[in-house]
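Student: Here is a sequence together with a model predicted from it:
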Amino acid sequence: MAEIGGIEAALHLVAVPIGAARDITLRALDLLAGADVLAAEDTRSLRRLMEIHGIPLGDRPLLAYHDHNGAAVRPKLVALLRDGKSVAYASEAGTPLVADPGFQLGVAARAEGLTVRAAPGASAVLAALCVAGLPTDRFLFAGFLPPKSGARKAALQELAAVPATLVLYESPKRLAAMLRDAAEVLGAREAAICRELTKRFEEVRRGPLDALAVAYGDEAPRGEIVVVIDRPAVRDADPDTLRDALRAAMAEGSVKDAAQEISDAFGVPRRQVYEMALALKDET
């Protein structure tokens, strides 16, 4: 792939800080300084960031690309890429394509056979996991839940059995209602509310979901919110219970998949569950 001005002719997805302006990589600064074209979910935020770091825009185009104009701007950016230009895209904060309108831009570029690169950096998901104090060996990012309670409870029900820490984004105005629904569906799991991460008024509040719902019920907090919720408790794993669960899982899928599912659900070593599944298969 040819390079122009030292920057590869490609779509570069550039992670930018979620708060502290110095939480940006040297590679990201190079891309913002050298790309032929800049695109941003919020052009004002990107301009401020570039001013802080002394990066001139010059006569380079800076295009707004967001949910409301994506269909119109996407073809223009793809055309620039086809012409051999380097395009750097930045979300409003954090990593592009994570709860961000840039996803379709990446899809369109790949569909044209164009190169897509990532310049990794700040992420609210990973920052929240670092400070929440909950298990990080396995997690699921579920983005924003539906705003209406009924749909939100249905979404939470789908997540209830996931054997991983859950990470969600939420609006401050809906936080208390979401926590009440989560407590009803998920029970009294431990959770952490991570607010304004890396910013001056950063706050992490931990506790059971029901207690947090009460704590945030009187007044909506301000700022950006990430909610981290613990995985389900390990269930009792007596042999009869395991066999019953395995039979049900094997009726829906393969022995291998059933063993993995029940191992995750009950916290029992996979090899032990797999051997039990093979014995049940032989019986039938």
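Tutor: The structure has been received and is ready for your questions.
Student: and residue 174, what does it touch?
Tutor: residue 147 (C-beta atoms under 8 Å, 6 or more residues apart in numbering). Just so you know, the C-beta spots here come from the backbone N, C-alpha and C atoms, and that holds for glycine as well.
Student: which residues of the protein fall in strands?
Tutor: Ranges of strands in the chain, per DSSP state E, are 3-4, 7-8, 11-14, 37-40, 62-64, 87-90, 116-119, 139-144, 165-170, 190-195, 203-208, 225-229.
Student: Report the mean per-residue pLDDT for the first one.
Tutor: Spelled out, it's strand 3-4. Computed over strand 3-4, the mean pLDDT rounds to 43.
Student: Please identify the nearest residue in space to residue 103, excluding sequence neighbours.
Tutor: The shortest distance from residue 103 to any non-neighbouring residue, by C-beta to C-beta, 6 or more residues apart in numbering, is to residue 97 (5.0 Å).
Student: related to what we said a few turns ago, quick one: the strands of the chain as TSV, columns for distance to residue 110 and mean neighbour count too.
Tutor: Converted to TSV, the strands of the chain look like this (distance: least, C-beta to C-beta, whole Å; neighbours: other C-beta atoms under 10 Å):
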stretch	distance to residue 110	mean neighbour count
strand 3-4	20	12
strand 7-8	15	18
strand 11-14	9	28
strand 37-40	16	24
strand 62-64	19	15
strand 87-90	14	28
strand 116-119	6	17
strand 139-144	21	16
strand 165-170	25	22
strand 190-195	32	22
strand 203-208	37	15
strand 225-229	29	25
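Student: coming back round to it: report pLDDT for the residue nearest to residue 103.
Tutor: At residue 97, the model reports a pLDDT of 89.
Student: measure it to residue 7 for me?
Tutor: 20 Å (C-beta to C-beta, to the nearest Å).
Student: again with residue 49
Tutor: Computed with C-beta to C-beta, the distance linking residue 49 and residue 7 is 18 Å.
Student: Please name the residues that touch residue 32.
Tutor: 14, 38, 46, 49, 50, 53, 55, 88, 90.
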